[in-house]
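>>> no sequence for this one, just the structure:
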């Protein structure tokens, strides 16, 4: 990929010469070896044409072009195979709704996700994370993928629904979510609806999981309507539905908002936390620095909101995890009108793809992109421009509404667990992350060891770090300049 888009905006078609990609399309390559396929595309140009079955689409391979697209939501609206499948599941909530509806919906939901609202949840985050690992025993094998998903499901359900979704229902949502995530990816890259109407076991599991999540949410809403009002997102939605002011909030919208935020707010932070634990176990020096910071800042107690700015290295570990293994790794948009983009005339209805994984692993933006280096984010340089390559939460007006909440819950959770436990991979080959609807370890089993049992106790190798030096992944879209070559990093 070239350094500066204005000099190098190029559109290319991936060829079908022997040994490159099969002539029947790139959906098979994207399904079978997605990360390798994505990493091959920047060498072809900044905008590359690919084929998904009978459909043609364009992959954006340069961060400036991606930001340009994400800022112009009127022209590049949420759509394409991915969102067609997601809307069947989530309806038209804030995650999937078209541009015309987004501003109203976001303004309605925003109070729940403001910094003050997130800060008020910090103690709950710490308590839930402590409960997660309270009964672990040294030498025990932990299903890290399951426990992190259980944790994030409980946290987002408490933000959205208080205790209206009880422990048993939250656990059932977690199991349904696992089935849904397995089914979503193949439905995105193989856009042949007839295949998913067949009565196969996988299709039946997917449909049952979708139906059951809807039933659980509807039950929680019905119970709340008959009970006491609560100060949570469901309470906000029901109050808006009862006022009659402005555009009406229907029962369907209440349902769609809860389903979409519950599913996205559970899966992505769970994948990031699981990936972080896996990567730390493979990089003992990073793990030592994390433990040193947690011991110094927290001294054995649970983190609170005032600790978040001081957990500098903890946040840098998560930022680097989001760069190295972004849970949201592939997204689609669709053009709403004919437009010129990267020197190519695109017709109305053209599918555009962009990949945070592709951007995060381009060596033009991140030297040695496959290495896990939390220190990338400790340089403390001032932001240098708006076109950073790090976009784990997207950008523009449709940047993830829950980015602050997700970073806070992951920071609190990682610090809480790391203050008490070390997690190790069992002997043998470490499985690579599996791309699906999200990217991350699906069945990650690790062995836990109490840090109190480790040599040196719970305060090894104290390291002084400068608070505030880390570049946040979730605040403003921060970037830094790599020398004078015009390449930007988030």
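Perfect, thanks for sending it. Note that the structure is a prediction, hence the values are computed from the model and not measured.
>>> quick one, phi/psi of residue 450?
Backbone geometry at residue 450, expressed as degrees, to the nearest 10, gives phi -60, psi 130.
>>> hang on, I meant residue 80
phi 90, psi 180.
>>> give me the phi and psi for the nearest residue to it once chain neighbours are set aside.
Nearest residue to residue 80, sequence neighbours excluded (CB to CB, 6 or more residues apart in numbering): residue 332, at 3.1 Å. For the C-beta atoms, the positions are set from N, CA and C on the backbone; glycine is no exception. Note on residue 332: its backbone torsions stand at phi -120, psi 150 [degrees, to the nearest 10].
>>> just confirm residue 426 is within a helix.
No: counting by DSSP: H, G, I helix; E, B strand; the rest coil, residue 426 is not part of a helix but coil.
>>> got the contact list for stretch 169-179?
With CB atoms under 8 Å, 6 or more residues apart in numbering as the test, stretch 169-179 has contacts from 146, 149-150, 153-154, 157, 165, 205-206, 208-210, 212-213, 216, 219-220, 262-263, 266-267, 442.
>>> for the record, mean pLDDT for it?
Stretch 169-179 shows a mean pLDDT of 86.
>>> buried sites along that stretch?
The neighbour-count check on stretch 169-179 (16 or more other CB atoms under 10 Å) flags 169-174, 176-179 as buried.
>>> and what of stretch 34-54?
34-35, 37-42, 44-52.
>>> could you do stretch 438-450 as well?
Within stretch 438-450, judged by 16+ other CB under 10 Å, the buried ones are 438-442, 444, 446-450.
>>> okay, those in a markdown table with pLDDT next?
Shown next, in a markdown table, are the buried residues of stretch 438-450 (pLDDT from 0 to 100):
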| residue | pLDDT |
| --- | --- |
| 438 | 89 |
| 439 | 92 |
| 440 | 92 |
| 441 | 92 |
| 442 | 84 |
| 444 | 95 |
| 446 | 97 |
| 447 | 98 |
| 448 | 97 |
| 449 | 97 |
| 450 | 97 |
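>>> circling back to that earlier point, which of the contacts of stretch 169-179 are buried?
The neighbour count (16+ other CB under 10 Å) marks 146, 149-150, 153-154, 157, 165, 205-206, 209-210, 212-213, 216, 220, 262-263, 266-267, 442 as buried among these.
>>> residue ranges for the strands of the stretch 201-350 of the chain, please.
Using DSSP state E, counting those that start in this stretch, the strands found in the stretch 201-350 of the chain span residues 331-335, 339-341, 344-346.
>>> which of those is buried the deepest?
Most buried of those by mean neighbour count (mean count of other CB atoms under 10 Å) is strand 331-335; its value is a mean of 22.
>>> for it, packing partners?
Strand 331-335 is packed against strand 76-78, helix 81-90, strand 351-354, with contacts defined by 3 or more CB pairs under 8 Å, 6 or more residues apart in numbering; DSSP states H and E.
>>> I'd like the distance from that strand to the chain centre, please.
17 Å (CA atoms, centre = their mean, to the nearest Å).
>>> residues contacting it, please?
57, 69, 75-83, 188, 346-356, 394.
>>> now, of these, which are buried?
57, 69, 75-83, 188, 346, 350-356, 394.
>>> mind listing what's buried in the longest helix anywhere in the chain?
Looking across the chain with DSSP state H, the single longest helix is helix 251-282. Residues 253-281 are the ones in helix 251-282 that count as buried (16+ other CB under 10 Å).
>>> try stretch 416-425
Per 16+ other CB under 10 Å, stretch 416-425 contains these buried residues: 416-423, 425.
>>> would JSON lines of those with secondary structure and pLDDT be doable?
Output for these, formatted as JSON lines (DSSP: H, G, I helix; E, B strand; the rest coil; pLDDT from 0 to 100):
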{"residue": "416", "secondary structure": "helix", "pLDDT": "98"}
{"residue": "417", "secondary structure": "helix", "pLDDT": "98"}
{"residue": "418", "secondary structure": "helix", "pLDDT": "98"}
{"residue": "419", "secondary structure": "coil", "pLDDT": "97"}
{"residue": "420", "secondary structure": "coil", "pLDDT": "97"}
{"residue": "421", "secondary structure": "strand", "pLDDT": "98"}
{"residue": "422", "secondary structure": "strand", "pLDDT": "98"}
{"residue": "423", "secondary structure": "strand", "pLDDT": "98"}
{"residue": "425", "secondary structure": "coil", "pLDDT": "97"}
